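Peer 1: Next comes the sequence, and after it the predicted model I'd like to discuss.
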Amino acid sequence: MSTPAVFEKSRTIKTVGLNTEEVRRVAEAEGVVRVIAPGLTAHGFADFLNTLGTPMFTEGETPVVGLPDLNVVTNVGRTSKPRSVYHSDTTYVARPPSYAGLLAVEVPERGGATMFLDQYEAYERLPEDLKSLLNGATMLHSATGVTLGPDAETSARHPVLRRHPGTVRTSLFLTTPARCSNLQLASGEDRSDLIAPLYDHALNSKSIRSHSWSNGDVIVWDNRCTLHAADHSNVQGNRTLFRGLIRGEVPTAADT
């Protein structure tokens, strides 16, 4: 697979205060926003995320004690280095998350940044003939690597080109190829051969946004128009974040 854009091409993450409408506006337009909230507790973080919508939880994750809507993201107690590739969170359900947020609880002495790729920009870079080919195309998103109950959602079909309900812009909507299969054009033709090239295209961004964590930092992103990944390549020390998700709408195909 292609190597993602290098850090010298990184774009600045915009910063706003703890204001729901401002966070929503910037996240939808920019993909990701840093929220300034000194002294924000985990309970306060959960409460703020809930002002963005209805919380949801990814089955199989470890919940935060006393805060069942949040899950723990940590390298503590692991015997092997975590792996992270660019992805969109929990896309294998009918209504994937609209927003996601992270609160830094414990940060390493070195490394552990979280990186974001703009999928509006990925769509805009597609050749016009490929945009036309993908008009009305859908792809199957499936769960991998998580233990799910018998009644849990395990797969959902979503448009490859997605219209954002807030900005009405079009983004490329996919996740890691391990969770994507059966790409069908509007005609019904199977073009699953396009999945890996589309993911490579998404990673070959003109710019990324990268956030190096400090204790108490809060980042919120729009899961509908970004991919994200953690850089675990040179982490020194404990890295613990609390994550919260907000349930989104059923994805709508773009009119291209």
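Peer 2: Nice, I can see it.

Peer 1: So what would you say the end-to-end distance of stretch 223-233 is?
Peer 2: One end of stretch 223-233 to the other measures 24 Å (CA to CA, to the nearest Å).

Peer 1: try stretch 158-170
Peer 2: Termini of stretch 158-170 sit 14 Å apart (CA to CA).

Peer 1: can you give me the strands for the stretch 101-250 of the chain?
Peer 2: Assigned by DSSP state E, counting those that start in this stretch, the strands in the stretch 101-250 of the chain fall at 114-118, 138-142, 155-159, 161-163, 170-172, 180-184, 209-211, 218-222, 226-230, 240-247.

Peer 1: With distance to A202 and mean neighbour count as extra columns, can I get these in JSON lines?
Peer 2: In short, each C-beta sits where N, CA and C put it, glycine included. Putting those into JSON lines (distance: least, CB to CB, whole Å; neighbours: other CB atoms under 10 Å) gives the following:
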{"stretch": "strand 114-118", "distance to A202": "6", "mean neighbour count": "24"}
{"stretch": "strand 138-142", "distance to A202": "13", "mean neighbour count": "21"}
{"stretch": "strand 155-159", "distance to A202": "15", "mean neighbour count": "18"}
{"stretch": "strand 161-163", "distance to A202": "12", "mean neighbour count": "20"}
{"stretch": "strand 170-172", "distance to A202": "6", "mean neighbour count": "24"}
{"stretch": "strand 180-184", "distance to A202": "11", "mean neighbour count": "18"}
{"stretch": "strand 209-211", "distance to A202": "14", "mean neighbour count": "20"}
{"stretch": "strand 218-222", "distance to A202": "15", "mean neighbour count": "24"}
{"stretch": "strand 226-230", "distance to A202": "6", "mean neighbour count": "23"}
{"stretch": "strand 240-247", "distance to A202": "21", "mean neighbour count": "21"}
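
Peer 1: Let me know the pLDDT of F7.
Peer 2: Reading off the confidence values, F7 has pLDDT 39.

Peer 1: wait, L103 sits on N215?
Peer 2: No - using CB atoms under 8 Å, L103 is not in contact with N215; the gap is 9.8 Å.

Peer 1: When the two are compared, which one has more neighbours?
Peer 2: Neighbours were tallied for L103 and for N215 using other CB atoms under 10 Å; the higher tally belongs to L103 (29 against 9).

Peer 1: Quick check: pLDDT value at the more buried one.
Peer 2: 98.

Peer 1: so what's it up against?
Peer 2: Taking CB atoms under 8 Å, 6 or more residues apart in numbering, we find L103 in contact with L40, A42, F45, G216, D217, V218, L241, F242, G244.

Peer 1: OK, contacts around the residue positioned nearest the centre of the chain?
Peer 2: Most central in the chain under CA atoms, centre = their mean is S88, positioned 3.6 Å from the mean C-alpha point. Residues counted as contacts of S88 (CB under 8 Å, 6+ apart) are P96, F173, L174, T175, N223, R224, T226, L227, H228.

Peer 1: Ok, R163 next?
Peer 2: Applying CB under 8 Å, 6+ apart, the residues near R163 are R169, T170, T252, A253, A254, D255.

Peer 1: so what's it bridging to?
Peer 2: The partner list for R163 in beta bridges (DSSP bridges) reads T170, T252.

Peer 1: How many neighbouring residues does R83 have?
Peer 2: For R83, using other CB under 10 Å, the count is 9.
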